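Asks: A predicted structure for the sequence below; I have some questions about it.
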2 protein chains.
Amino acid sequence: MLNQPTVNLALVDDHKLFRKGLISLIELVSTKYHILFEADNGVDLQQKIDPKKLPDIILMDVNMPKMDGFASVEWLTEKYPSIKVLVVSMVEKEETIVKMLKLGVKGYLCKDVEPKELGEALEAVNNKGYYYTDFITGKLVHSLQNGNAEKQKELEINPINNQEKQFLELACSELTYAEIADKMCLSPKTIDGYRNSLFEKLKVKSRVGLVLFAIKNRMVNWDYV
Amino acid sequence: MLNQPTVNLALVDDHKLFRKGLISLIELVSTKYHILFEADNGVDLQQKIDPKKLPDIILMDVNMPKMDGFASVEWLTEKYPSIKVLVVSMVEKEETIVKMLKLGVKGYLCKDVEPKELGEALEAVNNKGYYYTDFITGKLVHSLQNGNAEKQKELEINPINNQEKQFLELACSELTYAEIADKMCLSPKTIDGYRNSLFEKLKVKSRVGLVLFAIKNRMVNWDYV
DNA sequence: AGTGGCAACGGGAAAAAGCCTATTATTTGT
DNA sequence: ACAAATAATAGGCTTTTTCCCGTTGCCACT
């Protein structure tokens, strides 16, 4: 029997039951994988990661409290670019997938794939360095064709600032703009300005548009979950 | 060694990877559990359930496409009241838990519990018929104290009808009421009426309130996932 | 035939949202 | 120190939303 090298993994997902299940499945797939550590979210990951013993591959969720998948991957590529990230998420939205790919993840799996595919993905990422299925390529191509790139570009040039962010959160409530102005200790006219600039940046036409954007991008933290 | 009786389980969850992981964990906990079948959602459950060989316990997710946990449990208690339902969900919202308990589920687990607790819950539901942790009782008591019961009662007396539902969906967009009226081939004044009656029923004060309600209650089907 | 409920519609008005075009501080770069 | 950029603010105006009250036509019940 060949003595194959161990592949060190880390899991970042806020649901322990899912993590444990995943580990159990990975153990069934092959004995060469070793789970270095698990983390609940990005902050937890930052605390648990050991520079002297880095994982080869990180299985990463997208939606997590405190620090989500996007921020975590951004931090990882900045700090430990050698680590390969494989996203395992329930989100199948094109926007999310494209965003993650742009951040440089090595693969994207949906939580409804067969355990077998998880094994193949790990294998591929480990050997080839990436695992991109037709599913992902399809989403990517579609995204390019339908160019939602403009909104993204607009946001890259003109990112929403903290004030606007705070306003956006308050806009996702039944408060009137006057009341929001009050809460933020600003003139209603300033709020007017925030609204208009956000309309521009987010390419929306109404307050409902703001709310929908905020929710789609998980910028509201009502106990969603 | 005692020959313990087999406990038949069924799993209803839209994420195959989670299901498989769960099965793997259950097998580790005890050999007495046997997985009769898995289903992706309520509709799938209705197709796969066999009246001649019913499961003892069903592990049920809440948010699923086509037919969610609420509808599934409702259908189950109507059709097969003897089956005990144990909810396993990532949702920790009081509203959801209370709603599920009202529907008569035998237990509610969050997806971030230890695998050990899953075993205990299965054990408890199987033997005692229920598994209610302090976490759940706490939510329940809090709900009673803060009486969100009124909105619920209002909705039970005055359920939202199909027209209002359709309007509500359209209201979750950047269309103006005039445009919605157009789409629904009705006078703007009728739309006015729908809005007002929904304001009343849902206890909201603005269009944003409508949107938030619709989203919280998963009444919008933008590719959420 | 009369009564009551109800969904669809209309008039009218106040409040809020949305849209311009400026003006005034406050930073910021050089 | 000075020009440029940016944040906060204002005036004034249109459109949309929100609200209150009244009317009409339809259906069911007795």
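Replies: Received, thanks. Note that the structure is predicted; figures quoted are calculated from it, not measured.

Asks: from here on, contacts and neighbour counts on C-alpha atoms
Replies: Will do.

Asks: Go ahead and confirm residue A:71 touches residue A:42.
Replies: Yes. Counting by C-alpha atoms under 8 Å, residue A:42 is a contact partner of residue A:71 at 7.4 Å.

Asks: The two: who's more crowded?
Replies: Per other C-alpha atoms under 10 Å in any protein chain shown, whichever of residue A:71 and residue A:42 has more neighbours is residue A:42, with 27 against 14.

Asks: tell me the contacts of that one?
Replies: Residue A:42 makes contacts with A:12, A:64, A:66-69, A:71-72, as judged by C-alpha atoms under 8 Å, 6 or more residues apart in numbering or on different chains.

Asks: Buried subset of these as a PyMOL selection?
Replies: Typed into PyMOL, the next command selects the buried ones out of the contacts of residue A:42 (criterion: 16 or more other C-alpha atoms under 10 Å in any protein chain shown):
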select buried, chain A and resi 12+64+67+68+69+72
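
Asks: So which of the contacts of residue A:42 belong to strands?
Replies: residue A:12 (DSSP state E).

Asks: From the contacts of residue A:42, list the ones also adjacent to chain B.
Replies: Applying C-alpha under 8 Å from any C-alpha of the partner chain to the contacts of residue A:42, one finds that nothing falls near chain B.

Asks: possible to save the contacts of residue A:42 as a markdown table with pLDDT and distance to DNA strand C?
Replies: Rendered in a markdown table, the data for the contacts of residue A:42 read as follows (pLDDT from 0 to 100; distance: C-alpha to the nearest atom of the strand, whole Å):
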| residue | pLDDT | distance to DNA strand C |
| --- | --- | --- |
| A:12 | 96 | 36 |
| A:64 | 86 | 30 |
| A:66 | 83 | 27 |
| A:67 | 86 | 27 |
| A:68 | 85 | 28 |
| A:69 | 91 | 30 |
| A:71 | 89 | 25 |
| A:72 | 93 | 27 |
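
Asks: and stretch A:98-108, how far out from the chain's middle?
Replies: The chain centre lies 9 Å from the centre of stretch A:98-108; the measure is C-alpha atoms, centre = their mean, to the nearest Å.

Asks: got the end-to-end distance for it?
Replies: With C-alpha to C-alpha, to the nearest Å as the measure, stretch A:98-108 spans 10 Å from end to end.

Asks: With stretch A:71-87 instead?
Replies: Length of stretch A:71-87, first residue to last, C-alpha to C-alpha: 13 Å.

Asks: So which residues on chain A come close to DNA strand D?
Replies: By the criterion of C-alpha under 7 Å from any atom of the strand, the positions of chain A lying close to DNA strand D are A:161, A:163, A:186-193.

Asks: Please name the nearest non-neighbouring residue to the residue in chain A that DNA strand D sits nearest to.
Replies: With distances taken as C-alpha to the nearest atom of the strand, chain A approaches DNA strand D most closely at residue A:190, which sits 3.3 Å away. The spatially closest residue to residue A:190, leaving aside those adjacent along the chain, is residue A:181, at 7.7 Å (C-alpha to C-alpha, 6 or more residues apart in numbering or on different chains).
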